[in-house]
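>>> I'd like to go over a predicted model; first the sequence, then the structure.
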Amino acid sequence: MSQDLNNTVNGTLPSNCYWNLTAEKIGLTFAYCLIFLVSLAGNTVIGMIIYKTKTMRKPINFFIVNMAMSDLLFPIFLIPGDITLLYKNSWLIGGPLGQALCKFVAFSPYVSLSVSIQSLVLIAVDRFGAVVYPLGSPLVSSKLCPFFILVTWIVAMAINFPYLLAYKRVEYPAGLRCTLQWNEAFGESSSYENYYVSWSVIFVFIPLLLITILYITIYIKLKLQKIPGEQPANARQQRQQRERNVLKMSISIVLGFAVCWLPIVIHWLLFFFVSDVWPCGFRYFAFVAFFMARINCAINPYICFIFSRNYRIGLKTLLFKTTA
């Protein structure tokens with residue numbers, strides 16, 4: 001994706017755009033290293049907490065772990081390549097291994113995004129069932145979670161499979177590049193722009209709209225909610241407070257996802273359909289959009305720690321056992 005930024009933005013901007021390359025390299029190297037460490041540590045800890053804490057093995061937490069595992073694709077495969085490209089704008093690995101890595105590094109962030117958005121929809125559906133139909137059977141049961149999680153990965157890999165075919169390592173005079181060769185893979189009649197628009201609508205805009213509708217419904221229900229049955233006032237208040245805390249955490253994760261990923265989606269749509277020549281501001285926007293997409297892989301664990309007492313207790317328990 002870093003070479004995507006260079007290949008698509010370079011040549012579309014006025015030559016008088018100010019861009020301090022030295023400051024960019026130093027700043028991005030530090031930022032990418034920080035994201036790498038924070039994401040790798042945070043997402044791994046989230047998985048360990050759920051694995052070791054039986055009481056937290058609930059649908060919402062299973063889907064949060066699913067997001068954490070998909071987010072690990074960034075620090076493991078994408079961030080090292082980002083750092084390398086800051087200092088050498090070419091693909092360093094040749095042969096069959098280099099070709100395979102080129103395809104997988106390009107493929108993995110789209111899989112991660114697709115798994116995350118499906119997990120967010122499942123979390124919203126789970127919360128909707130728990131709040132709107134508290135006495136009914138859960139819409140997403142813990143027993144079905146492994147099945148749903150498997151489906152999210154299968155769907156994500158299937159819908160993004162064209163990237164495995166279209167990305168190739170190509171030799172240019174300046175060196176090897178890992179680039180998108182869409183028409184070569186699928187023919188001149190095939191349009192990457194149409195594929196990307198369809199993908200964006202199906203895997204970004206429609207899911208976010210559905211999630212918004214579900215959480216608005218949940219919020220209204222909580223405002224009007226009266227717990228069925230004879231429950232003491234304190235018990236009722238405690239249950240409502242727990243639901244509100246879970247809702248705050250869930251909505252914060254969705255907002256983090258939207259804030260981090262919508263800019264890059266909008267960037268590509270603008271690039272494809274609005275104009276061939278852009279002012280300097282577009283490069284600055286593209287730079288921020290690509291960087292925000294990487295930040296998302298690091299923030300979810302810390303949202304969980306901020307909004308969930310159970311996650312904080314799990315973290316303390318994990319640290320205490322580790323140091324004991």
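That came in fine, so what should we check first?
>>> residues near P162, how many?
For P162, the number of neighbouring residues by other CB atoms under 10 Å comes to 19. The C-beta positions use only the backbone N, C-alpha and C, and glycine is treated the same way.
>>> what about it, distance to S142?
Relative to S142, P162 is positioned 34 Å away (criterion: CB to CB, to the nearest Å).
>>> where's N310, which helix or strand?
Per DSSP states H and E: N310 is located in helix 309-323.
>>> got the contact list for that helix?
With contact meaning CB atoms under 8 Å, 6 or more residues apart in numbering, helix 309-323 is reached by V45, I46, M48, I49, I50, K52, T53, T55, M56, N245, C304, F305.
>>> mind listing what's buried in it?
Residues N310, Y311, G314, L315, L318 are the ones in helix 309-323 that count as buried (16 or more other CB atoms under 10 Å).
>>> okay, these in a markdown table with pLDDT and distance to T179 next?
Supplementary listing: the buried residues of helix 309-323 in a markdown table, determined by pLDDT from 0 to 100; distance: CB to CB, whole Å:
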| residue | pLDDT | distance to T179 |
| --- | --- | --- |
| N310 | 91 | 45 |
| Y311 | 93 | 41 |
| G314 | 92 | 43 |
| L315 | 91 | 42 |
| L318 | 87 | 42 |
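>>> what would the residues you listed look like in JSON lines with distance to N194?
Converted to JSON lines, the buried residues of helix 309-323 look like this (distance: CB to CB, whole Å):
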{"residue": "N310", "distance to N194": "44"}
{"residue": "Y311", "distance to N194": "42"}
{"residue": "G314", "distance to N194": "45"}
{"residue": "L315", "distance to N194": "45"}
{"residue": "L318", "distance to N194": "47"}
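>>> which stretches of the stretch 101-250 of the chain aren't confidently modelled?
Across the stretch 101-250 of the chain, residues meeting the criterion (pLDDT under 70) sit at 225-237, 239-240.
>>> tell me where it has helices.
For the stretch 101-250 of the chain, the helices identified by DSSP state H, counting those that start in this stretch occupy 145-159, 161-166, 182-186, 192-200, 206-224, 233-273, in order along the chain.
>>> any idea which of those gets closest to I83?
Taking CB to CB, helix 233-273 is the member of the helices of the stretch 101-250 of the chain nearest to I83, at 18.8 Å.
>>> after the closest one, which helix or strand is next?
On the C-terminal side of helix 233-273, the closest following helix or strand by DSSP H and E is helix 280-307.
>>> for the record, mean pLDDT for that following helix?
For helix 280-307, the per-residue pLDDT values average out at 89.
>>> now the helix holding N310, how far from the centre of its chain.
Relative to its chain's centre, helix 309-323 lies at 25 Å (CA atoms, centre = their mean, to the nearest Å).
>>> using PDB, list the CA coordinates for that helix.
Extracted C-alpha coordinates of helix 309-323, given in PDB (Å, rounded to 0.1, in the frame of the first residue of the first chain):
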ATOM      1  CA  ARG A 309     -13.300  -2.800  33.700                       C
ATOM      2  CA  ASN A 310     -13.100  -6.500  32.800                       C
ATOM      3  CA  TYR A 311     -10.300  -5.900  30.300                       C
ATOM      4  CA  ARG A 312      -8.400  -3.800  32.800                       C
ATOM      5  CA  ILE A 313      -8.800  -6.600  35.400                       C
ATOM      6  CA  GLY A 314      -7.700  -9.100  32.900                       C
ATOM      7  CA  LEU A 315      -4.600  -7.000  32.000                       C
ATOM      8  CA  LYS A 316      -3.700  -6.700  35.700                       C
ATOM      9  CA  THR A 317      -4.100 -10.400  36.300                       C
ATOM     10  CA  LEU A 318      -2.000 -11.200  33.200                       C
ATOM     11  CA  LEU A 319       0.800  -8.800  34.200                       C
ATOM     12  CA  PHE A 320       0.700 -10.000  37.800                       C
ATOM     13  CA  LYS A 321       1.000 -13.700  36.800                       C
ATOM     14  CA  THR A 322       3.800 -12.800  34.300                       C
ATOM     15  CA  THR A 323       5.900 -11.000  36.900                       C
END
